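A.B. asks: sequence-free structure coming up:
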């Protein structure tokens, strides 16, 4: 099953089983993350974003904890 | 026409220029002080009133100013009767924990256990964001044990800075990190090349890169660079009233000593025999928490003062705890960045802190 199909099935499942999820669940942004290439089992992990936001990347803490890395040295790397 | 600055857009005036911080979009834009001065105390510009006082050349400049404000969506049109329905943001800062972030330093001689740090410091203080820094090689098996411990705890994010070692290849480190979803960044220092190994694989988490910078002690910390600026509501309001680095921070240095920051000399006990309560009840534990940027020399004239992170461990004048950070190369009077380590005015402090050896790395 590909990512899109998985996502579709999760959305359908949430819709069909509202009692198992919080009331806000119909607004969740759902993203499927594929397992890494080295792994034998292609693990799928699922993340749920915030209500009506497109950006599902989280900022866990609002500032850098320390300033030990000379970040300028990293400019332009990719 | 009346134009009001959006409540989430904050002007910080510097000596020569200002910035508008868009705290919602997490970005900042330079503006001239002459534009910042046009806003009244309610952050409103009465365009008709201003235009009536200007000649044709100045009118052209003023129209450019308004264009800049509108294009960046910093302002909106408002009726005079509507002033009251757009209250200011409450500038008070608080955080739902005794300690918000912790640094845990490690080298090959460290004997304290991470379990002790978790149970005696992090859990009682409700601290959920941790940085682990190892100046020597930390084998993956050891790191796995530490990360498994944190993975099962209430810790929300972990940043790791460890020394790179020869057998650690990209193919090994990526699958290793895949199993630890709380790791936000893994930085391999003293590496052969500056390289981004993994951009992210986990919604902002799982970033891996290597850097040639050799880091062998906490003396490397305290670098002030534009890249470290944080434009967001929490940092902005914290910086207004508290120290942007040390407020609600705790550190365990390589010896297991409890400090505000591993680079500072004052010790509040050792993790092996001191509780969080004992450490925090020391009269000096919160000594620097309330020193904010408006009280720090030179920083108080800097337009970046509410988005940068301070450093109290290394300052230009070690005898003055309101002195500016030593490792900042920005001059708010010329608006230029320069290399701090070669600045003649900083050499005395560099010697005082024995930082010369850093430049050989």
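C.D. replies: Everything's here; your move. Here the structure is a predicted model, which is why all the values come from computation and not from measurement. Numbering: from 1, shown residues only, chains lettered A, B, ... in the order given.

A.B. asks: phi first, then psi, for the nearest residue to residue B:284 once chain neighbours are set aside.
C.D. replies: Setting aside the residues directly before and after it, residue B:284 is nearest to residue B:266 in space (CB to CB, 6 or more residues apart in numbering or on different chains), at 6.1 Å. No exception for glycine: its C-beta is placed from N, CA and C like everyone else's. Residue B:266 has phi and psi values of phi -70, psi 130 when expressed as degrees, to the nearest 10.

A.B. asks: residue B:266 touches residue B:288, doesn't it?
C.D. replies: No: checked against CB atoms under 8 Å, the pair residue B:266 and residue B:288 is beyond contact range at 9.8 Å.

A.B. asks: mind listing what residue B:133 touches?
C.D. replies: A:66, A:68, B:103, B:104, B:105, B:106, B:160, B:161, B:162, B:215, B:218, B:262 (CB atoms under 8 Å, 6 or more residues apart in numbering or on different chains).

A.B. asks: circling back: the residue nearest to residue B:284: neighbour count?
C.D. replies: 14 (other CB atoms under 10 Å in any protein chain shown).

A.B. asks: for it, give its distance to chain A.
C.D. replies: 17 Å (CB to the nearest CB, to the nearest Å).

A.B. asks: same deal with residue B:157?
C.D. replies: Relative to chain A, and taking CB to the nearest CB, residue B:157 is found at 4 Å.

A.B. asks: then residue B:211?
C.D. replies: For residue B:211, the distance to chain A - CB to the nearest CB - is 6 Å.

A.B. asks: that residue touches residue B:189, doesn't it?
C.D. replies: Yes: with contact defined as CB under 8 Å, residue B:211 reaches residue B:189; the gap is 5.5 Å.

A.B. asks: list residues touching both of these two?
C.D. replies: residue A:69.

A.B. asks: those strands in chain A, which residues are they?
C.D. replies: A:30-33, A:45-48 (DSSP state E).

A.B. asks: which one of the ones you listed has the poorest average confidence?
C.D. replies: Ranked by mean pLDDT, these bottom out at strand A:45-48, with a mean of 59.

A.B. asks: what about the residue nearest to residue B:48 when sequence neighbours are not counted, how many neighbours?
C.D. replies: Closest residue to residue B:48 apart from its sequence neighbours, by CB to CB, 6+ apart: residue B:1 at 6.5 Å. Counted by other CB under 10 Å, the residues lying close to residue B:1 total 11.

A.B. asks: again, but for residue B:147
C.D. replies: Neighbour count for residue B:147, taken as other CB under 10 Å: 24.

A.B. asks: about what we covered before: list the contacts of the residue nearest to residue B:48.
C.D. replies: Residue B:1 neighbours (CB under 8 Å, 6+ apart): B:46, B:47, B:48, B:77.

A.B. asks: overlap of the contact sets of residue B:266 and residue B:288?
C.D. replies: residue B:260.

A.B. asks: give me the distance from the strand or helix carrying residue B:234 to the chain's centre.
C.D. replies: According to DSSP states H and E, residue B:234 maps onto helix B:233-241. The chain centroid and the centroid of helix B:233-241 are separated by 11 Å, computed with CA atoms, centre = their mean, to the nearest Å.

A.B. asks: same check, this time on stretch B:211-231
C.D. replies: The answer for stretch B:211-231 is 10 Å, by CA atoms, centre = their mean.

A.B. asks: and the closest residue to chain A within the stretch 251-361 of chain B, which of the three is it?
C.D. replies: The stretch 251-361 of chain B approaches chain A most closely through residue B:309 (5.8 Å), counting by CB to the nearest CB. Classification of residue B:309 using DSSP: H, G, I helix; E, B strand; the rest coil returns coil.

A.B. asks: who are the packing partners of the helix or strand hosting residue B:105?
C.D. replies: Residue B:105 belongs to strand B:101-106 when assigned by DSSP H and E. On a contact count with 3 or more CB pairs under 8 Å, 6 or more residues apart in numbering or on different chains; DSSP states H and E, strand B:101-106 meets helix B:114-117, strand B:129-137, strand B:249-252.

A.B. asks: partners of that strand, with directions?
C.D. replies: strand B:129-137 (parallel), strand B:249-252 (parallel) (DSSP bridges).

A.B. asks: which of these is buried the deepest?
C.D. replies: strand B:249-252 (a mean of 24; mean count of other CB atoms under 10 Å in any protein chain shown).

A.B. asks: can you show me the helices along the stretch 201-350 of chain B?
C.D. replies: Taking DSSP state H, counting those that start in this stretch, the helices of the stretch 201-350 of chain B run over residues B:233-241, B:276-280, B:347-352.

A.B. asks: double-check residue B:275 against residue B:120; I have them as touching.
C.D. replies: Yes: at 6.4 Å, residue B:275 counts as touching residue B:120 under the criterion of CB under 8 Å.

A.B. asks: in terms of neighbours, single out the busier of the two.
C.D. replies: Ranked by neighbour count (other CB under 10 Å), residue B:275 and residue B:120 place residue B:120 first, with 20 against 14.

A.B. asks: against residue B:246, how distant is that one?
C.D. replies: 20 Å (CB to CB, to the nearest Å).

A.B. asks: ok, now how distant is the residue nearest the centre of chain B from residue B:44?
C.D. replies: In chain B, the residue lying closest to the centroid (CA atoms, centre = their mean) is residue B:309, at 3.6 Å. Look at residue B:309 and residue B:44: by CB to CB, they are 32 Å apart.

A.B. asks: count of residues packed around residue 31?
C.D. replies: As the question left the chain open, I've gone with chain A. Neighbour tally, residue A:31, other CB under 10 Å: 15.

A.B. asks: wrong one, I was asking about chain B
C.D. replies: So residue B:31, with other CB under 10 Å, has 21 neighbours.

A.B. asks: pull the longest helix from chain B.
C.D. replies: helix B:56-71 (DSSP state H).

A.B. asks: buried stuff in the following helix or strand past that one?
C.D. replies: Per DSSP H and E, helix B:56-71 leads on to strand B:75-78 as the next helix or strand towards the C-terminus. With burial defined by 16 or more other CB atoms under 10 Å in any protein chain shown, the residues of strand B:75-78 counted as buried are B:75, B:78.

A.B. asks: give me the sheet partners of strand B:75-78 and which way each runs.
C.D. replies: Strand pairing (DSSP bridges) places strand B:75-78 next to strand B:2-5 (antiparallel).
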